[in-house]
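Chemist: Coordinates for the following, if possible.
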Amino acid sequence: MQLKAGLLVGREWSFPPAFIEEVNRRREGVVAEYVTLGGTRMGDPCPYAVIVDRISHEVPYYRTYLKHAVLQGAAVVNNPFMWSADDKFFEASLATSLGVASPRTVVLPNKEYVPGIVHPDSLRNLSYPIDWRALIEDVGLPCVLKDAHGGGWKDVYICRSLDEVIFQYDRSGLSTMILQEFIRWDQYVRCLCLGREEVLPMKYDPRERRYLVEHAHLTPELGRRIVADSLTLVRALGYDMNTVEWAIRDGTPYAIDFMNPAPDMDVNSLTPPYFEWAVTHMASMVTRLAMRPRPRAEARWDAFLRSTPRPAGDRMEVHPGGQGSD
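Modeler: Numbers count the residues shown, from 1 in each chain. As a prediction, the model looks like this:
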């Protein structure tokens with residue numbers, strides 16, 4: 001029997017058709033297609049062995065359907081139940097608990113709240129005023145103020161004084177903001193991580209927001225550490241599709257942002273060599289998940305939050321980014 005892999009997408013036009021064509025071209029017993037939904041009844045079977053989710057963070061009905069699909073036995077990339085942990089304070093805390101270097105981070109109370117919140121009554125657990133000087137002393141100056149639930153470099157501010165922090169915080173509205181140590185980096189790397197097994201470290205310029213195709217941009221030692229730490233993070237999260245960003249200061253890679261469960265895979269962003277890697281390796285991963293499903297026990301939270309040590313027999317393959325994957 002032929003197995004089906006489904007793709008949920010939004011406004012992206014290069015990765016989806018390339019991925020579907022690559023899976024179907026192989027004729028390995030798995031057929032890829034776009035998912036079609038139009039109202040779901042409880043108990044409806046899911047026709048897909050695997051669903052790749054690229055858009056449910058913006059379409060709530062899709063997220064609801066994906067949780068139903070998991071109950072029906074589908075493997076969803078990435079697991080929709082884990083998305084609730086997607087915030088930048090949790091990721092900093094998680095990295096620290098796993099022994100991965102991360103900038104010092106503080107989460108702040110909201111500046112504003114939804115209607116119905118009566119400040120003297122609803123916020124009785126909050127202390128006031130915020131001790132800004134103590135928080136700044138912890139993270140240092142300059143520091144980064146950004147939305148804990150944001151992405152795509154939106155609402156990210158480099159603040160060089162306490163007054164600047166307070167000014168930007170006062171404009172944050174309903175967003176939950178974090179203060180974070182600013183890492184003055186010597187190198188910056190963004191890793192595309194697939195299947196909790198493969199890591200492609202790419203040189204990245206966060207100022208211009210573009211990838212630089214430079215194959216030997218890391219020393220072997222630094223490359224091995226970045227690959228190993230990236231695997232530690234994605235295995236703890238249970239993410240099969242993710243990007244992990246590293247700011248390297250004095251030879252130490254700091255995990256800046258590593259909860260990107262619907263990473264940008266557009267050819268114009270990734271560049272053609274890295275785009276080809278993403279398409280072929282995503283096709284391999286999805287085919288493997290369809291043919292050899294993982295045990296459903298992986299949906300448990302305690303499984304997500306345990307780091308999996310690298311097995312002694314893991315292999316290291318060299319990829320275009322300059323370092324290898326397990």
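
Chemist: From now on I want contacts and neighbour counts done on CA atoms only, so please keep to that.
Modeler: OK.

Chemist: all helices for the chain, in order.
Modeler: Applying DSSP state H to the chain gives helices spanning 15-26, 60-71, 88-97, 119-122, 132-139, 162-169, 220-237, 267-270, 272-291, 301-304.

Chemist: List the beta-bridge partners for L7.
Modeler: For L7, the beta-bridge partners are Y34, V52 (DSSP bridges).

Chemist: List the residues that contact it.
Modeler: Counting by CA atoms under 8 Å, 6 or more residues apart in numbering, L7 touches P16, A32, E33, Y34, V35, I51, V52, D53, R54.

Chemist: If we use 6 Å, what do you get?
Modeler: By CA atoms under 6 Å, 6 or more residues apart in numbering, L7 lies in contact with Y34, V35, I51, V52.

Chemist: Please apply the same query to V234.
Modeler: For V234, the contacting residues are R196, by CA under 6 Å, 6+ apart.

Chemist: Can you pull out the low-pLDDT segments for the chain?
Modeler: Flagging of the chain using pLDDT under 70 yields the residue ranges 296-326.

Chemist: hmm, back to that, from the contacts of L7, list just the buried residues.
Modeler: Using 16 or more other CA atoms under 10 Å as the burial test, the contacts of L7 include I51, V52 as buried.

Chemist: what does stretch 247-256 contact?
Modeler: Around stretch 247-256, the neighbours that count as contacts under CA under 6 Å, 6+ apart are A101, S102, W185, D186, Q187, Y188, E245, W246.

Chemist: count of neighbours near the fourth one?
Modeler: Residues contacting D186 under the criterion other CA atoms under 10 Å number 12.

Chemist: Distance of it relative to W246?
Modeler: According to CA to CA, to the nearest Å, D186 stands 11 Å off from W246.

Chemist: Which segments of the protein make up each domain?
Modeler: Following the assignment in automatic domain parsing, the chain carries domains at 3-84, 104-181, 187-325.

Chemist: Make a markdown table out of the ones you listed and add distance to A95.
Modeler: Compiled in a markdown table, those are given as follows (distance: least, CA to CA, whole Å):
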| stretch | distance to A95 |
| --- | --- |
| domain 3-84 | 16 |
| domain 104-181 | 11 |
| domain 187-325 | 7 |
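
Chemist: Compare those domains and report which one is nearest to A92.
Modeler: domain 104-181 (6.7 Å; CA to CA).

Chemist: Between the two ends of that closest one, how far is it?
Modeler: Domain 104-181 stretches 5 Å from its first residue to its last (CA to CA).

Chemist: I'd like the distance from it to the chain centre, please.
Modeler: Put simply, domain 104-181 sits 22 Å off its chain's centre (CA atoms, centre = their mean, to the nearest Å).

Chemist: For burial, what's the neighbour tally of E28?
Modeler: By other CA under 10 Å, 14 other residues sit near E28.

Chemist: Any figure for the gap between G152 and P220?
Modeler: Distance, G152 to P220, by CA to CA: 30 Å.

Chemist: Which one's more surrounded, these two?
Modeler: P220 (13 against 10).

Chemist: Name the residues that touch stretch 59-74?
Modeler: By CA under 6 Å, 6+ apart, the residues outside stretch 59-74 that reach it are C46, A49, V50, S56, P80.

Chemist: Repeat the analysis, applying 10 Å as the threshold.
Modeler: Applying CA atoms under 10 Å, 6 or more residues apart in numbering, the contact partners of stretch 59-74 are 5, 8, 10, 37-53, 55-57, 75-81, 83, 289-290, 293, 295-296, 299.

Chemist: Among the residues you listed, name the ones in strands.
Modeler: Among those, the members found in strands (DSSP state E) are A5, L8, V50, I51, V52, D53, A75, V76, V77.

Chemist: Which among those count as buried?
Modeler: A5, L8, V50, I51, V52, D53, A75, V76, V77.

Chemist: which residues touch the first one?
Modeler: A5 makes contacts with 20, 23-24, 30-35, 47-52, 74-76, 283, 286-287, 289-290, as judged by CA under 10 Å, 6+ apart.

Chemist: how does it look with 8 Å?
Modeler: Neighbouring residues of A5 by CA under 8 Å, 6+ apart: V30, V31, A32, E33, Y48, A49, V50, I51, V52, V286, T287, A290.

Chemist: TSV for the residues you listed, including distance to V199?
Modeler: Shown next, in TSV, are the contacts of A5 (distance: CA to CA, whole Å):
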residue	distance to V199
V30	24
V31	25
A32	24
E33	26
Y48	26
A49	24
V50	21
I51	21
V52	18
V286	16
T287	18
A290	21
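
Chemist: Out of those, which is nearest to R209?
Modeler: Of those, the one sitting nearest to R209 (CA to CA) turns out to be V52, at 25.2 Å.

Chemist: Quick check: the closest one vs V59, distance?
Modeler: Distance, V52 to V59, using CA to CA: 14 Å.

Chemist: Please apply the same query to I136.
Modeler: From I136 to V59 the distance is 37 Å (CA to CA).
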